[in-house]
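Asks: Any chance you could fold what I've pasted below:
(chains A, B, C and D)
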Number of protein chains: 2
Amino acid sequence: MARLRDINRSLPMQLLLARESSMSLFRPMLRSFGLTDQQWRVIRVLASRDKLEAYELATQSIILPPSLTRILKNLEEGGLLSRSSDPSDQRKVLISLTRKGRKVYQQVVPESEKIYRALEAKIGSAELDDFLSKLVSLNDRLTG
Amino acid sequence: MARLRDINRSLPMQLLLARESSMSLFRPMLRSFGLTDQQWRVIRVLASRDKLEAYELATQSIILPPSLTRILKNLEEGGLLSRSSDPSDQRKVLISLTRKGRKVYQQVVPESEKIYRALEAKIGSAELDDFLSKLVSLNDRLTG
DNA sequence: TTGAATTATTTAATATATTAAGTAATATTA
DNA sequence: TAATATTACTTAATATATTAAATAATTCAA
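Replies: This next block holds a predicted model:
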């Protein structure tokens, strides 16, 4: 009887487990700021940009466009971001953080870095760097 | 002004990207069998067991109990699994695949392995093995 | 230059994620 | 052993994921 590879030999399963394990370290902190995982991804992507169109924002925050629509609505209602339409292409929606949104970002950053350093301590700084390089390279080959 | 580490230096972000990139290879095949990602995780965990209690099933398939409740309901309605209560502890629900569920599993396995081999070809078999070992070891340290 | 593609986003419908609260069965303890 | 705590699961409420379809703006081609 044919059987599937063991779960600890399955790349997607182990990636899911690692994602969940690592995010669970950050989640309580994000919730204390009233942010979901996805809302924080949107905010952090926007923080390094002036304005960004929705499609690019969706890609970079790894959120599908239909989900992003709702997330933007909620963040906009919370006053963390604003939308405007691109004058040169009225189909596009340009999104940017508000002052309040940038302030929240500034508050989260040090807490996030604190947790990241705890993660580094747990894994080992050199090993984490090495792993991350391999992971980025894997992603290049998977998406490229 | 404090800024967060770049996204390609963020472990959780790169893990999410890798998870999505790799799963996207399998998703169309699973959909062609009428299965969601989560339903397939449940089925593959059950396939190697006779019966399994819900909590263990949730843990191993990386699904939270409230989500599992609905997923089990849908799979049960589709005739792929059955529930019974543990005689020695009436709180527990024991879940097992039906004949139909095992048949679906048997049909998916070769298609899944086919895709996995294509993935191996894309990444390189030795590199994938090496990466997977490091990933499993990372998970041990994160969850342990 | 108009009608047919294409693009960017939203809407809709169903499924899952997350947190909190509820329920029933079992285990503990005073 | 009755009151309390714990365990296993479900329900509820809100948020996100996924696929398909709809809408509006733009581009392309005859």
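
Asks: So which residues make contact with the lengthiest helix in chain A?
Replies: When chain A is parsed with DSSP state H, its longest helix is helix A:99-123. Applying CB atoms under 8 Å, 6 or more residues apart in numbering or on different chains, the contact partners of helix A:99-123 are A:22, A:25-26, A:29-30, A:33, A:35, A:40, A:43-44, A:46-47, A:75, A:79-81, A:97, A:128, A:131, B:1-5, B:10-11, B:138, B:141-142. For glycine as for every other residue, the C-beta is placed from the backbone atoms N, C-alpha and C.

Asks: From those residues, which land in strands?
Replies: A:Leu81, A:Leu97 (DSSP state E).

Asks: Mind checking which of the contacts of helix A:99-123 are buried?
Replies: Burial by neighbour count, judged by 16 or more other CB atoms under 10 Å in any protein chain shown, picks out A:22, A:25-26, A:30, A:35, A:40, A:43-44, A:46-47, A:75, A:80-81, A:97, A:128, A:131, B:4, B:10-11, B:138, B:142 from the contacts of helix A:99-123.

Asks: Find the residue closest to the residue at minimal distance from the centre of chain A in space, skipping its chain neighbours.
Replies: Closest to where the C-alpha atoms of chain A average out (CA atoms, centre = their mean) is A:Arg41, at 3.1 Å. Using CB to CB, 6 or more residues apart in numbering or on different chains and skipping residues adjacent in sequence, the residue nearest A:Arg41 is A:Ser61, 4.1 Å away.

Asks: Was I right to think the one you found contacts A:Gln39?
Replies: No. A:Ser61 lies out of contact with A:Gln39 (CB atoms under 8 Å); the separation is 9.5 Å.

Asks: now the helices for chain A?
Replies: Using DSSP H, helices in chain A cover A:11-32, A:37-47, A:54-61, A:65-77, A:99-123, A:125-143.

Asks: is DNA strand D contacted by the first one?
Replies: Which is helix A:11-32. No. Judged by CB under 7 Å from any atom of the strand, helix A:11-32 makes no contact with DNA strand D; its nearest approach is 10.6 Å.

Asks: Ok, the shortest one next?
Replies: No. Counting by CB under 7 Å from any atom of the strand, DNA strand D has no neighbours in helix A:54-61; the shortest distance is 8.7 Å.

Asks: shaky segments in chain A?
Replies: Scanning chain A for pLDDT under 70 picks out no residues.

Asks: for DNA strand C, what are the nearby residues on it?
Replies: Within chain A, the positions adjacent to DNA strand C are A:20, A:23, A:27-28, A:31, A:37, A:53-55, A:58, A:65-66, A:68-69, A:72, A:83, A:89, A:91-93 by CB under 7 Å from any atom of the strand.

Asks: again, 6 Å this time
Replies: A:Arg27, A:Arg31, A:Glu53, A:Ala54, A:Tyr55, A:Pro65, A:Pro66, A:Thr69, A:Arg91, A:Lys92, A:Val93 (CB under 6 Å from any atom of the strand).

Asks: Would you agree the first one is in contact with A:Asp37?
Replies: Yes. Using CB under 8 Å as the test, A:Arg27 is close enough to A:Asp37 to be in contact (6.8 Å).

Asks: got a list of what the residue nearest to A:Trp40 when sequence neighbours are not counted touches?
Replies: Once flanking residues are discounted, A:Trp40 sits nearest to A:Leu30: 5.2 Å by CB to CB, 6+ apart. Shown in contact with A:Leu30 (CB under 8 Å, 6+ apart): A:Thr36, A:Asp37, A:Trp40, A:Val108.
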